[in-house]
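Colleague: next come a sequence and a model predicted from it.
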Amino acid sequence: MSIPKHIADTVTLNNGVRMPWLGLGVWQAEDGEQVVNAIRSAVEIGYRSIDTASFYHNEEGVGRAIRECGVNRDELFITTKVWNEDQGYDATLKAFEVSRRKLGLDVIDLYLVHWPVTGKYVDTYRALEKLYRDGSVRAIGVSNFLEPQLKELLANCEVIPAVNQIEFHPLLTQPSLQSLCRERGIQLEAWSPLMQGNLDQPLLTELAAKYGKSPAQIVLRWDLQRGVITIPKSVTPSRIAENADLFDFELSEADAAAIDALNEGRRFGPDPLTFV
């Protein structure tokens, strides 16, 4: 794996589609001017990947930003997700059409099952496979799937997920899940990479001083060097810019390994085994 050296660098997913290593997450960004302005700022800096979801209730704003940002649609990579209440085969197909209409897109780059709803996620993923075969999406995948759920899905699917978007950060590295995804060619993507602001770890402070970066930049660079796509969320232009300033330094392997060792299996978000 080559370590990304520029904001425009991409990883090739298991179906040949190229996805940027760095993206903007828009969870909790308000629909309308707030999300539009955040995406505008990000695109000006060089971001080309935007991650939303039907549950974020800002797909219309994301669609407006795509149309107004001044960058051709084919230069952007747009991800959205089907929410839990819309899961099941037929319901997922309907939910996708709603997302597509709100985004104003004919084709969505990546469509994910947002959470593994017990008893439904296999049928939900079957709907994603249909959308993929029909050309309505360029790639499909899952979010918040742990090993038991991912193994069940892999035993019952025809198209191996291209991506598994999970809570991933220095305190939650999930090494066995990482191994399973690598073995099956599933690209890991980190949500909540900055631990919802809980960056007050002495090691991160020490490394920030050593490299002349912020603790957030240390963590995001570590993501990239560990082969994990990262999508930090912000609506603040200065923070959006800071989160992208990752390509003029490289963590030593010893320092990256020290961050690995912070893992304590600690979640800041819901546990996928009990959330749904």
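Modeller: Thanks, I have the structure now. Numbers count the residues shown, from 1 in each chain.
Colleague: what ranges do the helices span in the stretch 151-276 of the chain?
Modeller: Shown for the stretch 151-276 of the chain, the helices assigned by DSSP state H, counting those that start in this stretch span residues 175-183, 202-211, 215-225, 237-244, 253-260, 272-275.
Colleague: which among those helices is found nearest to residue 85?
Modeller: Using CB to CB as the criterion, the shortest distance between residue 85 and those is 13.3 Å, found for helix 272-275. C-beta: built from backbone N, CA, C; applies to glycine.
Colleague: so what does the closest one touch, helix or strand wise?
Modeller: Helices and strands touching helix 272-275, by 3 or more CB pairs under 8 Å, 6 or more residues apart in numbering; DSSP states H and E: there are none.
Colleague: sorry, back to before: hey, which of the helices of the stretch 151-276 of the chain is tucked in deepest?
Modeller: When you average the neighbours per residue for each of the helices of the stretch 151-276 of the chain (mean count of other CB atoms under 10 Å), helix 215-225 leads with a mean of 24.
Colleague: any idea of the angle that one forms with helix 237-244?
Modeller: Interaxial angle, helix 215-225 versus helix 237-244 (axes from the mean of the first three to the mean of the last three CA atoms, to 10 degrees): 40 degrees.
Colleague: let's see helix 215-225 as CSV, backbone CA atoms only.
Modeller: Taking C-alpha atoms only, helix 215-225 is exported to CSV below (Å, rounded to 0.1, in the frame of the first residue of the first chain):
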residue,chain,number,x,y,z
PRO,A,215,-3.1,16.2,18.1
ALA,A,216,-6.0,16.0,15.5
GLN,A,217,-3.5,16.1,12.6
ILE,A,218,-1.4,13.4,14.3
VAL,A,219,-4.4,11.1,14.5
LEU,A,220,-5.6,11.7,11.0
ARG,A,221,-2.1,11.1,9.6
TRP,A,222,-1.9,7.9,11.6
ASP,A,223,-5.2,6.8,10.0
LEU,A,224,-3.8,7.3,6.5
GLN,A,225,-0.5,5.5,7.3
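Colleague: can we start the residue count at 416 from this point?
Modeller: Right, with 416 as the first residue, what we last looked at is helix 630-640.
Colleague: what angle separates it from helix 617-626?
Modeller: Orientation of helix 630-640 against helix 617-626 (the same axes, to 10 degrees) gives an angle of 90 degrees.
Colleague: how about the helices of the stretch 566-691 of the chain in a markdown table, adding mean pLDDT and distance to residue 500?
Modeller: Rendered in a markdown table, the data for the helices of the stretch 566-691 of the chain read as follows (pLDDT from 0 to 100; distance: least, CB to CB, whole Å):
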| stretch | mean pLDDT | distance to residue 500 |
| --- | --- | --- |
| helix 590-598 | 98 | 26 |
| helix 617-626 | 98 | 37 |
| helix 630-640 | 98 | 31 |
| helix 652-659 | 97 | 31 |
| helix 668-675 | 98 | 37 |
| helix 687-690 | 88 | 13 |
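Colleague: to residue 444, which of these lies closest?
Modeller: With CB to CB as the criterion, residue 444 lies closest to helix 652-659 of the helices of the stretch 566-691 of the chain, at 11.0 Å.
Colleague: next one: residue 588 from residue 475, what distance?
Modeller: Using CB to CB, to the nearest Å, one obtains 35 Å as the distance from residue 588 to residue 475.
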